[in-house]
Structure formats: structure tokens, C-alpha cells
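1. Quick check, what structure comes out for this input:
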Amino acid sequence: MSKNDSRFQVKFMSFMFKGKEIFKPLNTGFIDDRVSCIREYVANIYFYTKDGHTIMIDAGYNYDRLAEKMQWLGINSKDIKEILVTHQDTDHVGAIEQGSDELFRDATIYIGNIENEYLEGRKHRKVFWGLTTLPQVIIDNPKILIEDGQIFYIGNIKIEAFLVPGHTWGHLVYLVDDCYLFTGDTLWLGADGGYAFLNTLAEDRKLQCQSLQRLKEILVKRNLQLKIITGHTGWTDDFDFAFVHIDEICNSMRRKPKVHDPKAPYDGFDESEDTEENARSGYLAQCYKAK
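-> Numbers count the residues shown, from 1 in each chain. Presented below is the predicted three-dimensional model:
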């Protein structure tokens, strides 16, 4: 099912979103010495390495070139024993879904207790204003269920999870070592700053904005220097930029964004610039900011 879903998304979403500057994934490469990413069409998956231990954040599509691109970064799938899952949409878990290539069959996944209800069939994922119900995702990997606010360690890596319902009912974001915030599909970074993620894919648009406001309030009190890393629109270390429009959800039905981003790809599914040479050529730039 995950392979078919991935192929369908390539065709359908490419057709739907060409020219809209909605999806702006990073190419495969390194954000810094600890964080690397792989581009899978319009999505990014991430790897975090500390003291010789590498964990994975989200598992992307059921993507034919995943093993190849991992080699570009010097990462072996057999070394990945833990995967943090922000939410269960197939562009974030395809590589661990039943019917995948099983590159990570020995990995334990960490997923929210509420989000796990989708996997067990007690909740059903709905998109396009609740008009479309998606097929149930099935994952056979061992699971550790995570609660809102839970702090846990994988090796020497500190991880704190925050519940941000709205895109899905149990979506988590992960704060890693108090320095990196992996936001999955909660934040959309435009040229004029961050918004709540796409309206067409939200279970509850109003709740999504409320969740981001709560998250912002938590983080402001801690006064952290963060790199904020999204699932589809790159990264930024400018906190105010990332949270400036979170009372508004990105409207993916617009023909053009409110503010033009000249670096946004016309078709996010065109990976012609994602090459091994580029992946090794330096660090990945932050999200474009309009002047």
C-alpha cells in the first residue's frame, strides 16, 4: 500500500501544487555537523548524530532512492535503531509501512500515544475538510508510545516531545538536545515567515493554530537558541520569523502565495538538482526571507 500511495502522491500532488510555491524541500545534505537530511520528492527526512549514535526523524515516502541517498551522507540503514515519528501520514512513515523495502525492519519507532490510534484503526485520517478518508497505515516495527511533555534519552541524546494536534490528532514535535526543533507538518515557512501547515490536510485548522500558539509560549519561556526544522519547507534559526503568522493557516488553494519566494521550486517533485555532488558541497542554507 505504501508504494502505491507514494506513486499516487507523486502524480496527484505534482499536478495540484505546481507553481504554487507550497512545497520547498531541502535538497539532500547537511544542516550542520549533527543534522543531515534526505530529500524525497517534496518531503525531507532527517538524521541526528551525537557521540557516534544516529537517530532518524520521520521515515518519508516508500522511496526507491532512499538507500542510495543515505550512502551520499555516509549513513547505513542497518545502523538506524530508533526512529522518531511526528505523525503517521504516508509521506512521513512510508519506509516503515507494511509492504515497504524494510530498510529499517529492526528499528524501534517512537510515536505519540494518540497518533498510535490511527495505526490501530481507532481513528481514521481525514483530509480535504474531512471529505476524504485515507487508508489505514500499518507498521509492524516495535513501538514506544510517547506522551505530551515526555522527556526521554536515546544514548546521550535528550529528546522532549510536545503534542501539537491539528494536522493530525496526535502530531508530536521533537525538541532534541534543547537545540533542534523538528516540527514535521505543523509549521509552513513562507518567504514572510511561518504559518500553520496546509489547510487542505488539517484535521482541525483552528486547533492547529492553537497548538502552535501553546508551543510558542512554552519555548519563549525557555529562551533557547533553536534551529527549527520543518518537514517540507526547510529550516530557520530565526524564532520570531518561524512563529510570526501562526494564527493563520497556509492556504494551499491559492494560485500564488501571499509573498513570492524566488527560491521555491516550480514543481517540488522535480529532483534534478538533488545530486550527490551537491549533497557533499557544504551546508544547506536557511529558508529564504523576503526583504
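2. Correct me if wrong, but Gly94 is in a helix.
-> Yes - assessed with DSSP: H, G, I helix; E, B strand; the rest coil, Gly94 lies in a helix.
3. contacting residues for it?
-> Counting by CB atoms under 8 Å, 6 or more residues apart in numbering, Gly94 touches Ser2, Lys3, Asp5, Ser6, Ala59, Gly60, Tyr61, Asn62, Tyr63, Ser100. Heads up, the C-betas are built off the backbone N, CA and C, glycines and all.
4. Kindly indicate the member of those residues with the most neighbours.
-> Ala59 (31 neighbours; other CB atoms under 10 Å).
5. Now that residue: phi and psi?
-> Phi and psi for Ala59, reported as degrees, to the nearest 10, are phi -130, psi 10.
6. any idea how far it lies from Asp33?
-> For Ala59, the distance to Asp33 (CB to CB, to the nearest Å) stands at 23 Å.
7. And for Thr200?
-> For Thr200, the distance to Asp33 - CB to CB - is 37 Å.
8. can you check Gly155 too?
-> Counting by CB to CB, the gap from Gly155 to Asp33 is 17 Å.
9. So between the two, which is more surrounded?
-> When neighbours are counted by other CB under 10 Å, Gly155 and Asp33 differ, and Gly155 comes out ahead with 13 against 9.
10. Now for that one: which residues touch it?
-> Taking CB under 8 Å, 6+ apart as the test, what Gly155 contacts is Lys50, Asp51, His53.
11. swap in Val137?
-> For Val137, the contacting residues are Ser2, Gln88, Asp89, Thr90, Val93, Glu97, Tyr118, Leu119, Arg125, by CB under 8 Å, 6+ apart.
12. can you tell me the helix or strand for it?
-> If you go by DSSP states H and E, Val137 is not part of any helix or strand.
13. where along the stretch 101-250 of the chain do the strands fall?
-> Along the stretch 101-250 of the chain, the segments classed as strands by DSSP state E, counting those that start in this stretch run 108-112, 126-127, 132-133, 143-146, 151-154, 157-163, 172-176, 180-184, 187-190, 193-196, 227-230, 235-236, 245-249.
14. residue boundaries of the helices in this structure?
-> 2-17, 66-72, 90-93, 116-119, 205-222, 239-242, 276-279 (DSSP state H).
15. Run the angle between the fifth one and strand 245-249 for me.
-> Think helix 205-222. Angle, helix 205-222 to strand 245-249, by axes from the mean of the first three to the mean of the last three CA atoms, to 10 degrees: 170 degrees.
16. buried residues in helix 205-222?
-> Arg205, Leu207, Gln208, Cys209, Gln210, Ser211, Leu212, Leu215, Lys216, Leu219 (16 or more other CB atoms under 10 Å).
17. out of the strands of the stretch 101-250 of the chain, which comes closest to Lys24?
-> For Lys24, the closest of these is strand 187-190, at 7.4 Å, according to CB to CB.
18. returning to what we had before: okay, the helices of the chain in CSV with distance to Lys143 next?
-> Output for those, formatted as CSV (distance: least, CB to CB, whole Å):
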stretch, distance to Lys143
helix 2-17, 17
helix 66-72, 21
helix 90-93, 11
helix 116-119, 7
helix 205-222, 23
helix 239-242, 30
helix 276-279, 31
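19. Reformat the ones you listed as JSON lines; add distance to Leu134 and mean pLDDT.
-> JSON lines is the format used below for the helices of the chain (distance: least, CB to CB, whole Å; pLDDT from 0 to 100):
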{"stretch": "helix 2-17", "distance to Leu134": "8", "mean pLDDT": "77"}
{"stretch": "helix 66-72", "distance to Leu134": "22", "mean pLDDT": "98"}
{"stretch": "helix 90-93", "distance to Leu134": "8", "mean pLDDT": "95"}
{"stretch": "helix 116-119", "distance to Leu134": "9", "mean pLDDT": "98"}
{"stretch": "helix 205-222", "distance to Leu134": "17", "mean pLDDT": "98"}
{"stretch": "helix 239-242", "distance to Leu134": "28", "mean pLDDT": "98"}
{"stretch": "helix 276-279", "distance to Leu134": "32", "mean pLDDT": "96"}
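20. out of those, which comes closest to Val176?
-> With CB to CB as the criterion, Val176 lies closest to helix 205-222 of these, at 13.4 Å.
21. which regions of this structure sit below the pLDDT cut-off?
-> Residue ranges of the chain with pLDDT under 70: 1-2.
22. distance of Ala202 from Thr186?
-> Plainly put, Ala202 is 10 Å away from Thr186 if you go by CB to CB.
23. same deal with Asp64?
-> Note on Asp64: its distance to Thr186, by CB to CB, is 28 Å.
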